[in-house]
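[1] Test case, fold it:
(one chain, ligands or ions: 1)
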Amino acid sequence: MVQLTNRLTQFLTKKKHQHFINGTYQNSIGEEQIGVINPATEEEIGQIAVGTTEDVDKAVLAAKNAFHHTSDWRKMSPDDREKILYRFAELIAENSESLAQLVTLENGKLIKDARSSDVGGAAKTFRYYAGWTTKIEGETLDISQPQKGGRQNFAFTKREPIGVVAAIVPWNFPISIAAWKIAPALAAGCTVVLKPSEETPLSALLLAEIAMEAGMPPGVLNIVTGDGRTTGASLTAHKDVKKITFTGSTYTGKIIGRAAIENITDISLELGGKSPAIVFNDAPDLDFAANGVAAGIFRNQGQVCVAGSRVYIQKKVYDKVLTDISHAAQKMKISHGFDETAQLGPLVSKSHLQKVCKYIDSGMEEGAKLISGGTKNPLDKGYFLQPTIFSSVDNEKTIIREEIFGPVLAAVPFDDMEDALRLANDSQLGLAATVWTKDISKAMAMVNRLEAGVVYVNSPVRSDPALPLGGYKQSGIGRELGKVGIYNYTTLKSVNIVY
Ligand code: TXE
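    Okay, the predicted model is just below:
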């Protein structure tokens, strides 16, 4: 059993958490509170304030002042910004256990995943973007404008930080997705107001404390807690916000998109996915492919934007691969996140469990064949669900068309490459895809023709700070991570000096 760290024990003694604005905790102007529930025990671990428009105003003002005046964040030399971001990465790693335990408490996920994907991922992202502070470049351009009297042009572009960034993040990877936004924004010289998900808000507050310990000037990173309807909506409608960066559902992405266009605010959206895994007869090793497909859907209880939630298997190997995937699923140990031997933890909340169960019911009602799992609550307490696999002969069922965001996989057989492409691309969403084959020509043909922002061959999709992530179609607008990830937070100025 995992022992809570002293730092976390201390943090949790505060039952009612405040916003983190201008370098300190500040009381909310509103009275409304939301309880944060441990999904494994169904017990409340603390409460957060629902940030009002006034709270959001305070946070945006702090960020605006830090951008323009008080902290000189944007004017600080890139090298000095790099040192602070690098120190932040080191302190995240030093506080790894406290942060990971808090993520497990509020999200339910396995502690080993919280340590590696969430906290490890966040530290890596801050290290990666710390290095980028000194590498932001413009271009010199040879333009053709005629000038009188033998004068000449010297034209160039420069990249400037865009301003105050509103970052709105979901609950599935509370710290690492926050880092995907905060790290490049701060590296570019922007300041940030982050609104974490109301399901998993506490780890963001602890992260902000650690940012201060790393020497981040007050106002550079602010956290306003609350729901989407009140706090999120106020933040995305704020006129002093110059960039909105959002990860979450396609439904909410459209609402935020409308708010952004009202003020002509720049926006990046990383939205839902219904990503196909395509297993050919000539997959390198069928057990390896089956285990890879299982890992691709059941990791983090299937609550992953790039989860491979539809598997298309070529007919000759359909039965074998499906049987192997269900064996892998049936062997998974379901337990609470602090059980170091667990392989599947609870879903994030009661309402999310209910939503996922409704999809399972719809799968049965629409005639998909249940291959494995489907049991709603294998343990006494907590929002647990068995890893569930359906088989379907067509691509039309709701479980194949809509994002479920839980440990539910739907399998469909296919004839040949054209058939696989037709089935895989037949979706409104286009975030990711995986292809399993030994044949490099076939793999490349699939890479070229799949309508997906990320394609992995012979591996489940993973994230890396250097590799851009984002979607085709209704899976989003823009890309985060990598070099393009930092340019999201800059704006381009074109200059011509006539001399
Ligand atoms: O997401 P929302 P929810 C998908 C997944 C899941 C579904 C619903 O299918 O089942 O979305 O999850 C804030 N203005 N993904 O309800 O609503 C909200 O407070 C401003 C996929 O959690 O998108 C939270 O901080 N903000 C996804 C964040 O948006 C608003 C990850 C995400 O909430 C708002 C999560 C508003 N009007 C869910 N309404 C992925 N791509 O990884 C809500 N929010």
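[2] Alongside the ligand, which residues does this structure contribute?
    Taking C-beta under 6 Å from any ligand atom as the criterion, the neighbours of the ligand within the chain are 168-172, 195, 197-198, 227-229, 232-233, 236, 247-249, 252, 255-256, 270-272, 305, 403, 405. The C-beta positions use only the backbone N, C-alpha and C, and glycine is treated the same way.
[3] As a check, name the ranges of all strands in the stretch 351-499 of the chain.
    Along the stretch 351-499 of the chain, the segments classed as strands by DSSP state E, counting those that start in this stretch run 369-372, 388-391, 408-414, 429-430, 432-436, 454-457, 472-473, 476-477, 490-498.
[4] Assign a three-state SS to the spatially most central residue of the chain, would you?
    Ranked by distance to the mean C-alpha position of the chain (C-alpha atoms, centre = their mean), the top residue is residue 177 at 4.0 Å. Classification of residue 177 using DSSP: H, G, I helix; E, B strand; the rest coil returns helix.
[5] My guess is it contacts residue 168. True?
    No. Using C-beta atoms under 8 Å, residue 177 makes no contact with residue 168, being 10.1 Å away.
[6] shared neighbours of those two, anything?
    In the contact map built from C-beta atoms under 8 Å, 6 or more residues apart in numbering, the residues linked to both residue 177 and residue 168 are residue 247.
[7] Filter the residues of the chain next to the ligand down to the buried ones.
    168-172, 195, 197-198, 227-228, 232-233, 236, 247-249, 252, 255-256, 270-272, 305, 403, 405 (16 or more other C-beta atoms under 10 Å).
[8] Could you tell me which of the residues of the chain next to the ligand are located in helices?
    Residues of the residues of the chain next to the ligand located in helices (DSSP state H): 233, 236, 252, 255-256.
[9] nearest spatial neighbour of residue 388, skipping sequence neighbours?
    residue 373 (3.5 Å; C-beta to C-beta, 6 or more residues apart in numbering).
[10] Next, the contact list for that neighbour, please.
    Counting by C-beta under 8 Å, 6+ apart, residue 373 makes contact with 329-330, 385-389, 407.
[11] In the record's domain split, what are the boundaries for this protein?
    9-271+476-496, 276-464 (automatic domain parsing).
[12] Pipe these into a markdown table and attach mean pLDDT per row.
    Below are these laid out as a markdown table (pLDDT from 0 to 100):
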| stretch | mean pLDDT |
| --- | --- |
| domain 9-271+476-496 | 97 |
| domain 276-464 | 96 |
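[13] Export those as TSV, with columns for distance to residue 3.
    Below are those laid out as TSV (distance: least, C-beta to C-beta, whole Å):
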stretch	distance to residue 3
domain 9-271+476-496	9
domain 276-464	10
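[14] Provide the backbone phi and psi angles at residue 266.
    phi -60, psi 150 (degrees, to the nearest 10).
[15] Equivalent analysis for residue 182, please.
    Main-chain dihedrals, residue 182, degrees, to the nearest 10: phi -60, psi -40.
[16] likewise residue 40?
    phi -80, psi -30.
[17] Might you report the residue contacts of it?
    Counted by C-beta under 8 Å, 6+ apart, residue 40 has contacts 108, 336-338, 345-346, 381-382.
[18] on that earlier part again, tell me the one among the ones in helices among the residues of the chain next to the ligand nearest to residue 160.
    residue 236 (22.5 Å; C-beta to C-beta).
[19] what's around the nearest residue to residue 489 once chain neighbours are set aside, how many residues?
    Spatial nearest neighbour of residue 489, chain neighbours left out: residue 188 (3.9 Å); criterion: C-beta to C-beta, 6+ apart. The criterion is other C-beta atoms under 10 Å. On that basis, residue 188 has 27 neighbouring residues.
[20] now residue 148
    Counted with other C-beta under 10 Å, residue 148 comes out at 6.
[21] possible to save the strands of the stretch 351-499 of the chain as a markdown table with distance to residue 6 and mean neighbour count?
    Listed next are those as a markdown table, based on distance: least, C-beta to C-beta, whole Å; neighbours: other C-beta atoms under 10 Å:
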| stretch | distance to residue 6 | mean neighbour count |
| --- | --- | --- |
| strand 369-372 | 42 | 16 |
| strand 388-391 | 40 | 25 |
| strand 408-414 | 39 | 24 |
| strand 429-430 | 44 | 24 |
| strand 432-436 | 40 | 28 |
| strand 454-457 | 40 | 20 |
| strand 472-473 | 47 | 17 |
| strand 476-477 | 40 | 21 |
| strand 490-498 | 40 | 13 |
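[22] Including distance to residue 14, could those go into JSON lines?
    Shown next, in JSON lines, are the strands of the stretch 351-499 of the chain (distance: least, C-beta to C-beta, whole Å):
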{"stretch": "strand 369-372", "distance to residue 14": "43"}
{"stretch": "strand 388-391", "distance to residue 14": "38"}
{"stretch": "strand 408-414", "distance to residue 14": "37"}
{"stretch": "strand 429-430", "distance to residue 14": "40"}
{"stretch": "strand 432-436", "distance to residue 14": "39"}
{"stretch": "strand 454-457", "distance to residue 14": "39"}
{"stretch": "strand 472-473", "distance to residue 14": "43"}
{"stretch": "strand 476-477", "distance to residue 14": "36"}
{"stretch": "strand 490-498", "distance to residue 14": "37"}
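[23] quick one: the strands in the stretch 201-350 of the chain?
    221-223, 241-247, 266-270, 275-279, 308-314.
[24] Please name every helix or strand in contact with the fourth one.
    Counting contacts by 3 or more C-beta pairs under 8 Å, 6 or more residues apart in numbering; DSSP states H and E, strand 275-279 packs against helix 286-298, strand 308-314, helix 417-425, strand 432-436.
[25] these two touch, right, residue 192 and residue 224?
    No. The criterion here is C-beta under 8 Å, and residue 192 misses it with residue 224 at 10.9 Å.
[26] of these two, who's got more company?
    Neighbour count, other C-beta under 10 Å: between residue 192 and residue 224, residue 224 has more, with 31 against 28.
[27] Relative to residue 1, how far out is the residue in the stretch 301-450 of the chain positioned nearest to the ligand?
    Closest contact between the stretch 301-450 of the chain and the ligand, by C-beta to the nearest ligand atom, is at residue 305 (3.0 Å). To residue 1, residue 305 is 31 Å away according to C-beta to C-beta, to the nearest Å.
[28] And residue 182, by the same measure?
    32 Å.
[29] tell me which element residue 125 falls in.
    Residue 125 is located in helix 121-132, with elements delineated by DSSP states H and E.
[30] which residues touch stretch 277-291?
    Contacts with stretch 277-291, where a contact means C-beta under 8 Å, 6+ apart, come from 292-293, 296-297, 308, 310-314, 316-317, 320-321, 324-325, 327-328, 414, 417, 420, 424, 433-439, 442, 446, 458, 460.
[31] before we move on, the earlier item: go through the ones in helices among the residues of the chain next to the ligand and name the one nearest the ligand.
    The closest of those, once distances to the ligand are taken by C-beta to the nearest ligand atom, is residue 252, at 3.4 Å.
[32] residue contacts, the closest one?
    Contacts here follow C-beta under 8 Å, 6+ apart; on that basis residue 252 touches 228, 232, 246.
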